[in-house]
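Chemist: Sequence and predicted structure below; questions after.
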Amino acid sequence: MRGFIGAALGAALAWAVPAAAQPAADTVAAIRARGSLVCAVAPASAGFALPDARGAYAGLDVDMCRAVAAAVLGDASKVRYVPATPQQRFTLLQSGEVDILARTTTWTLGREATLGLAFAGVNFYDGQGFMVRASSGVTSARGLDGATICMPPGTTTELNAADYFRSNNMRFTPVLIDNTEELRQAFVSGRCDVYSTDASTLASFRSTQGANAAQFVLLPEIISKEPLGPMVRKGDWKFFDIVRWSLFAMLTAEELGITSVNIATFESSANPDVQRFLGRTGDLGRQMGVNNDWAAQIVRQVGNFGESWERNITPLGVPRGINNLWTRGGLHYAPPMR
């Protein structure tokens with residue numbers, strides 16, 4: 001009878017475990033069998049994920065995906081990009097429709113504790129800001145009492161704005177629009193007074209306005225911490241390690257001075273850290289289930305983190321600031337690769 005009860009209890013507990021907590025599939029094996037990495041990105045975000053006229057994506061988040069593809073498949077071009085709205089992004093990853101979410105997504109306790117997903121690192125330290133039309137004459141967020149604010153739903157933006165306005169005894173009316181282009185058009189057309197989201201996204205939007213960019217002003221206040229980074233499903237820690245260390249490899253390469261242009265000159269370096277990084281000594285790659293030259297492939301095909309920043313973020317007019325390496329007063333710090 002005890003055996004029967006124990007078996008029944010075990011079955012009941014197994015039934016009660018949420019789907020997100022079930023043993024994870026082998027993502028690396030699935031990627032290799034498919035021949036490509038499937039990556040969820042923002043639908044249209046200059047500097048982070050934006051397709052050109054031919055449909056080829058470019059951006060900081062795109063480079064994150066390309067780095068993982070270079071590590072797993074040896075080819076950074078083998079990525080299929082899936083545009084994801086704030087409402088879709090987590091479901092796409094949870095369901096297995098995508099392998100990784102690299103979509104300007106903020107790392108929070110609530111998301112990591114409840115979604116069955118894990119953040120593998122931070123590729124952009126951001127914060128929420130406010131943008132107004134220059135004609136409004138507003139120069140500070142303290143002048144937004146009673147404003148209507150366009151914001152994306154299902155994000156940390158709503159809660160941050162509510163907290164800020166309440167703490168400053170001000171009122172606002174949210175205008176929540178899921179589609180990014182519709183949201184921006186609502187702001188441009190005057191349907192709302194303010195556009196609020198991550199400051200990097202606001203700068204990205206303004207950069208796409210060409211001659212009209214001067215019509216929009218990014219207010220100086222940053223009202224939140226928004227560490228943005230890639231997410232994967234919990235449980236498949238082998239793939240988690242590859243994603244995390246692909247980001248760290250780009251940071252380490254910048255710290256070592258290794259770029260996509262000069263990497264060949266480092267092959268004869270006597271620095272043991274460089275030799276391990278290039279996969280010429282040690283067995284770090286195989287310990288993660290990839291080739292030992294995985295980090296070298298990332299740099300050759302994608303570049304180091306500084307190269308990615310210069311290519312994608314600098315044109316937006318966003319200073320490196322806290323997104324610099326720790327050796328230059330920033331927050332980016334990669335653990336030792338040894």
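Modeler: Received the coordinates, thanks. Residues are numbered from 1 along each chain as shown.
Chemist: Every contact and neighbour count from this point should use C-alpha atoms.
Modeler: Noted.
Chemist: Just the residues contacting the longest helix along the chain, thanks.
Modeler: Ordering each helix of the chain by length in residues (DSSP state H) puts helix 237-256 first. With contacts defined as Cα atoms under 8 Å, 6 or more residues apart in numbering, helix 237-256 is touched by 26-28, 64, 67-68, 71-72, 120-121, 123, 230, 232-234, 259, 274, 277, 288-289, 295, 298-299, 303-306, 325, 332-335.
Chemist: So among the residues you listed, which ones count as buried?
Modeler: 27-28, 64, 67-68, 71-72, 120-121, 123, 230, 232-234, 259, 274, 277, 288, 295, 298-299, 303-306, 325, 332, 334 (16 or more other Cα atoms under 10 Å).
Chemist: re the thing from before, cross the contacts of helix 237-256 against strands and list the overlap.
Modeler: V232, R233 (DSSP state E).
Chemist: quick one on the thing from earlier: could I get the longest helix of the chain in PDB with only the CA atoms?
Modeler: C-alpha atoms of helix 237-256 as PDB (Å, rounded to 0.1, in the frame of the first residue of the first chain):
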ATOM      1  CA  TRP A 237      22.600  24.800 -19.000                       C
ATOM      2  CA  LYS A 238      25.000  23.700 -21.700                       C
ATOM      3  CA  PHE A 239      23.400  26.100 -24.200                       C
ATOM      4  CA  PHE A 240      23.100  28.700 -21.400                       C
ATOM      5  CA  ASP A 241      26.900  28.500 -20.900                       C
ATOM      6  CA  ILE A 242      27.600  28.900 -24.600                       C
ATOM      7  CA  VAL A 243      25.400  32.000 -24.900                       C
ATOM      8  CA  ARG A 244      26.800  33.600 -21.700                       C
ATOM      9  CA  TRP A 245      30.400  32.900 -22.700                       C
ATOM     10  CA  SER A 246      29.900  34.100 -26.300                       C
ATOM     11  CA  LEU A 247      29.100  37.500 -24.800                       C
ATOM     12  CA  PHE A 248      32.100  37.300 -22.500                       C
ATOM     13  CA  ALA A 249      34.300  36.300 -25.400                       C
ATOM     14  CA  MET A 250      33.500  39.500 -27.200                       C
ATOM     15  CA  LEU A 251      34.200  41.500 -24.000                       C
ATOM     16  CA  THR A 252      37.400  39.600 -23.400                       C
ATOM     17  CA  ALA A 253      38.600  40.100 -26.900                       C
ATOM     18  CA  GLU A 254      38.200  43.900 -26.500                       C
ATOM     19  CA  GLU A 255      40.000  43.800 -23.300                       C
ATOM     20  CA  LEU A 256      42.900  41.900 -24.900                       C
END
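Chemist: in it, what counts as buried?
Modeler: Quick answer for helix 237-256 (16+ other Cα under 10 Å): 237, 239-240, 242-255.
Chemist: who touches F187 in this structure?
Modeler: With contact taken as Cα under 8 Å, 6+ apart, F187 is in contact with C150, D193, V194, Y195.
Chemist: That should have said S36, apologies.
Modeler: Contacts for S36 (Cα under 8 Å, 6+ apart) come out as A69, L73, K78, V79, R80.
Chemist: If we use 7 Å, what do you get?
Modeler: S36 makes contact with K78, V79, R80, according to Cα atoms under 7 Å, 6 or more residues apart in numbering.
Chemist: Over to E112?
Modeler: Here E112 is in contact with A118 (Cα under 7 Å, 6+ apart).
Chemist: Buried ones in the one helix or strand it maps to, by neighbour count?
Modeler: According to DSSP states H and E, E112 maps onto helix 109-114. Neighbour counts over helix 109-114 (16+ other Cα under 10 Å) mark no residue as buried.
Chemist: Show me what the mean pLDDT comes to for that helix.
Modeler: Taken as a whole, helix 109-114 has a mean pLDDT of 96.
Chemist: so how far is it off the chain centroid?
Modeler: 16 Å (Cα atoms, centre = their mean, to the nearest Å).
Chemist: next one: stretch 178-188
Modeler: Counting by Cα atoms, centre = their mean, stretch 178-188 is centred 21 Å from the centre of its parent chain.
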